[in-house]
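**Student:** A structural model of the following input is requested.
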Amino acid sequence: MPWIYLMLAGLLEVVWAIGLKYTEGFTRPLPSVITASAMVASIVLLGMAVKTLPIGTAYAIWTGIGAVGAVILGIVLFGDSASPLRLACVGLVVLGMVGLKLTGGAH
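**Tutor:** You can find the predicted model right below:
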């Protein structure tokens, strides 16, 4: 169950990271509420995951999911650069997350 909590927390991190763009500095009420709610839910789920998972592993994977998701959605939604070097760097983040999962799953 902790890995499910962690994956959901990471996905919600993507939601709030992208949501920040739509809040326009927290001046738009609906995007601001959605973004803030995703922030709180993401942290709560991360907290539930770290009851069992090592904090370093969980935090790195949580931020990694958020970073990779934000990069991908930035490309899709906002026309951010999709250069080969940038995508290769994202691939390295994914490899790092897989490595952490394989080597540092639980106590």
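**Student:** so for the residue nearest in space to the middle of the chain, what's the pLDDT?
**Tutor:** Central residue of the chain (CA atoms, centre = their mean): G66, 1.8 Å from the mean position. With respect to pLDDT, G66 scores 96.
**Student:** near I55, how many other residues are there?
**Tutor:** Number of residues near I55 (other CB atoms under 10 Å) recorded here: 10. Backbone N, C-alpha and C define where each C-beta goes, glycine included.
**Student:** same question, A67
**Tutor:** Using other CB under 10 Å: A67 sits among 19 other residues.
**Student:** residues in contact with the residue nearest to the centre of the chain?
**Tutor:** G10, E13, V14, A17 (CB atoms under 8 Å, 6 or more residues apart in numbering).
**Student:** rerun that using 10 Å as the cut-off
**Tutor:** By CB atoms under 10 Å, 6 or more residues apart in numbering, G66 lies in contact with A9, G10, L11, L12, E13, V14, V15, W16, A17, I18, S42.
**Student:** which two from the residues you listed end up farthest apart in space?
**Tutor:** A9 and I18 (15.3 Å; CB to CB).
**Student:** looking at those two, which has the bigger crowd around it?
**Tutor:** Neighbour count, other CB under 10 Å: between A9 and I18, A9 has more, with 24 against 21.
**Student:** close enough to count as contact, the more buried one and M48?
**Tutor:** Yes: using CB atoms under 10 Å, A9 makes contact with M48 at a distance of 8.1 Å.
**Student:** sorry, back to before: and of the contacts of G66, the nearest to A36?
**Tutor:** Looking across these and measuring by CB to CB, the closest to A36 is W16, at 7.7 Å.
**Student:** hmm, the closest one is touching M39, no?
**Tutor:** Yes: using CB under 10 Å, W16 makes contact with M39 at a distance of 4.6 Å.
**Student:** tell me which element T63 falls in.
**Tutor:** Take DSSP states H and E as the rule and T63 turns out to sit in helix 55-78.
**Student:** okay, buried residues for that helix please.
**Tutor:** 57-62, 64-74 (16 or more other CB atoms under 10 Å).
**Student:** do the same with stretch 4-20
**Tutor:** 5-6, 8-10, 12-20.
**Student:** quick one: mean pLDDT over that stretch.
**Tutor:** Averaging pLDDT along stretch 4-20 gives 97.
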